[in-house]
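Engineer: below: sequence and its predicted model.
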Amino acid sequence: MSRVVSFSRFGGPEVLEIHDVPVPVPGADEVRIQVKAIGLNRAEAMWRAGVYVEPVILPARLGYEISGVVDAVGTNVTHVEPGNVVSTVPSFSMNDYGMYGELVLAPAHAVVKHTAPIAFEDAVAIWNVFITPYAAFTENNRLSAGQTVLIPAASSGVGIGAIQVANALGARPVALTRTRDKRDALIEVGAAHVIVTGEQDLVQEVARITEGKGAELVFDPVGGPNFAKLVEATAPRGTILVYGALSQEVTPLPMLSVLAKRITIHGYNLFDTTTTPLLQKEAVEFIIDGLTSGKLKTVIAQRFEFDNIVEAHRTLERNQHMGRLIVTV
């Protein structure tokens, strides 16, 4: 038997339960993994609450990113074998696979073999964190050297990843945070500027930093009332990438400003990249190269044991941590 996390009703962290299930047998295109660490994503909290971009089929499993050791492989799998150290890239529906567990199945296309030494905990703090901004910034050459990108929710895992990826591309990352508690830490991870939105005027600060030009790119996972200010802070012909909906409030759209500036507002997620083999390969290579060179570094906020998955999700929802939350198995 293997222990896995599931839920049979939507709600807060308390709906998560740990169950014993029979050890799964891998299908032809599947890999069975003995899990060592799990990386938590905000998307999983939305999935648990039933407010994700995809309808959730109950009872449901959850989880995108794990690291561990290959335990068994299907007949069509050739790129990994039992004993290999691997991790999983978010590239599947959680209606089909859930990675929160001790021994889990993953689709072969989502499994990356680690040929260089990397700690299990670090291995679950790299894919969503870095692929999300990498693919967003490089697709259609959206972000070029010397340009400015605004990063709301900058202390999140993806926010920190976006700061580092922007620097690796030669751009200027401007981190947005509600309070000054995390200001120094954001500078330390590479933010060129930090705007404390609870104290400073966002639009005026961006104008000052960019000498009146505005930001060429905005990378927003929040939405909500502050979105109107992001539009005002965006440069003419600039782009706002919306990759999340963390705010529960209505998101206003200042139409006259959008029209006058000819701003592009684009919905984005990483699945176009992670489900396309060539694009996934390019993203993985960029990240491995960045980790090797030191341009990219993992930031782990807190660790939890598997039995404390409910408390881990409570911490995830408080949105007070900086970096990645890790569950060890």
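Structural biologist: Nice, thanks for sending it over. Note that the structure is predicted; figures quoted are calculated from it, not measured.

Engineer: for the closest residue to residue 69 other than its chain neighbours, helix, strand, or coil?
Structural biologist: Excluding its sequence neighbours, the residue lying closest to residue 69 (CB to CB, 6 or more residues apart in numbering) is residue 34, at 4.8 Å. (Glycine included, C-beta is placed from N, CA and C.) Judged by DSSP: H, G, I helix; E, B strand; the rest coil, the three-state class of residue 34 is strand.

Engineer: equivalent analysis for residue 266, please.
Structural biologist: Classified using three-state DSSP, residue 266 is strand.

Engineer: quick check: beta-bridge partners of the residue nearest to residue 69?
Structural biologist: Going by DSSP bridges, residue 34 is paired in beta bridges with residue 69, residue 103.

Engineer: gap between it and residue 74?
Structural biologist: Here the distance between residue 34 and residue 74 works out to 16 Å (CB to CB, to the nearest Å).

Engineer: before we move on, what about residue 134?
Structural biologist: 29 Å.

Engineer: and residue 202, by the same measure?
Structural biologist: Separation of residue 202 from residue 74 (CB to CB): 50 Å.

Engineer: looking at the two, which one has more neighbours?
Structural biologist: For residue 202 versus residue 74, neighbours defined as other CB atoms under 10 Å are more numerous around residue 202 (19 against 16).

Engineer: the nearest residue to that one once chain neighbours are set aside: neighbour count?
Structural biologist: Spatial nearest neighbour of residue 202, chain neighbours left out: residue 229 (4.7 Å); criterion: CB to CB, 6+ apart. For residue 229, the count of nearby residues is 19 (other CB under 10 Å).

Engineer: also residue 191?
Structural biologist: By other CB under 10 Å, neighbour count at residue 191 equals 28.

Engineer: so what's the residue nearest to it when sequence neighbours are not counted bridging to?
Structural biologist: Leaving out its chain neighbours, the residue that sits closest to residue 191 by CB to CB, 6+ apart is residue 175, at 3.8 Å. In this entry, residue 175 is beta-bridged to residue 151, residue 194, by DSSP bridges.

Engineer: how many neighbours does residue 175 have?
Structural biologist: Using other CB under 10 Å, residue 175 has 29 neighbouring residues.

Engineer: find me the pLDDT at it, would you?
Structural biologist: Confidence at residue 175, expressed as pLDDT, is 98.

Engineer: cool, residue 234 as well?
Structural biologist: pLDDT for residue 234: 98.

Engineer: how about residue 115?
Structural biologist: With respect to pLDDT, residue 115 scores 86.

Engineer: now swap in residue 226 and tell me
Structural biologist: pLDDT at residue 226 comes out at 92.

Engineer: number of residues surrounding the closest residue to it other than its chain neighbours?
Structural biologist: With sequence-adjacent residues excluded and distances taken as CB to CB, 6+ apart, residue 226 is closest to residue 197, at 6.8 Å. A count of nearby residues for residue 197, using other CB under 10 Å, gives 15.

Engineer: ramachandran angles for residue 197?
Structural biologist: Per-residue torsions, residue 197: phi -70, psi -20 (degrees, to the nearest 10).

Engineer: that one is in contact with residue 177, isn't it?
Structural biologist: Yes: counting by CB atoms under 8 Å, residue 197 does reach residue 177; the two are 6.9 Å apart.

Engineer: how long is stretch 75-92 from one end to the other?
Structural biologist: Distance across stretch 75-92, first residue to last, is 20 Å (CA to CA, to the nearest Å).

Engineer: now it: mean pLDDT?
Structural biologist: 97.

Engineer: what do you get for stretch 305-325?
Structural biologist: 94.

Engineer: for residue 223, see how far away residue 203 is.
Structural biologist: Separation of residue 203 from residue 223 (CB to CB): 17 Å.
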